Every structure is written in structure tokens, then in C-alpha cells.
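1. output the structure for:
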Amino acid sequence: MKIEIKLDRDRRKPGTLMIADVIAVPCLGKADNAAAAKVGNPSRSPIERNGDTPRGSYMAQVGSAYATTAAQRRSYGPHPVIRLTPQAGECLTAHKLGRRGLLIHGGDPAADGVSLRPTHGCIRLSNKHQGALVEVLKMSGELVHLVEITERTT
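-> Predicted structure coming up:
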């Protein structure tokens, strides 16, 4: 099953995660400013640690583990994460430079109770949408999925 993610050039704005041109949900591919600056990446460069989500092609697998502690549930949500393995594009460059651990995951909303919180470069969905995505991927019967992350041109 193919997952297409279109991020806005201004990563403060939500992007869209789509499955088979049928399901479309909001997502966020913006890194946390403070976390990026703390590791020497104040511009949130996608190819550097804790930067915005790198564009490109990934292979994805649903993780088997659930968040077990309150801190993990706040960061990743109550549903399994989807692990991303870079294949081509900016994400592969970032991987070759040492960037690891990119995921699609849920997690608690921002302080306003509605918006999605920034991550350390992962794609964040609402917990509700993460749960639905995991179920759709499991129901597909496929173990590995293609993920294409692009940037909107308009």
C-alpha cells in the first residue's frame, strides 16, 4: 500500500497524508525549534539531526511495540509507530549523514488542544488518525509499504 505525504514549504502549516487517493488526513513534518537548535541545527535542515522531515522515498513497516510509559504515550500516542527506512532522495542523503529513527506516529496535541505538536523530524498524526492508519495498513496484508514525502509546489 502506498502512502503519499505532501508537506507545505512552510512546515508550520499542516501537510496531508493520503492513502490510495481515498483517505486524506492532516499531518505535520516540522521539527521542534528548541530541540533542533540544541543539537546545532537552528535552521531545522532536513538532512541534519532533529531537522524537519526529509523528502523522498521510504519503505515503511508498522512497529509491533506500543508506548508503555506516560511520556512515551505523550510523544508517540497509544498506537504502534510506523518505522521509515530511507530509499531515495533527501531522506537517503540524511541517512548517509547519520540521521536515524524517523517514524510516522501520533502523540498528544499542542498546547491549544487541537494542533499537532512538532517532533524531532518525524511525521505526526493525531492519535485517532494514527490508529486508523495502522489498522488500514494491517488490513492490507502487506508487511512493507511505500511512502513518498514531497513538498507542495503551490
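2. give the burial count for residue 66, as a bare number.
-> 13 (other Cβ atoms under 10 Å). C-beta coordinates here come from the backbone N, C-alpha and C atoms, glycine included.
3. quick check, central residue of this protein?
-> With distances taken as Cα atoms, centre = their mean, the residue of the chain nearest its centroid is residue 123 (1.5 Å).
4. all strands for this structure, in order.
-> 2-7, 15-19, 23-27, 56-62, 82-88, 103-105, 123-124, 145-151 (DSSP state E).
5. lowest-confidence stretch among those strands?
-> The stretch with the lowest mean pLDDT among the strands of the chain is strand 23-27, at a mean of 92.
6. any buried residues in that one, and which?
-> For strand 23-27, the neighbour count (16 or more other Cβ atoms under 10 Å) marks 25, 27 as buried.
7. the helix ranked longest in the chain: which residues count as buried?
-> Among the segments of the chain that qualify as a helix by DSSP state H, the longest is helix 127-139. Residues 127, 129-134, 136-137 are the ones in helix 127-139 that count as buried (16+ other Cβ under 10 Å).
8. which one is residue 108 nearest to, not counting chain neighbours?
-> residue 74 (4.7 Å; Cβ to Cβ, 6 or more residues apart in numbering).
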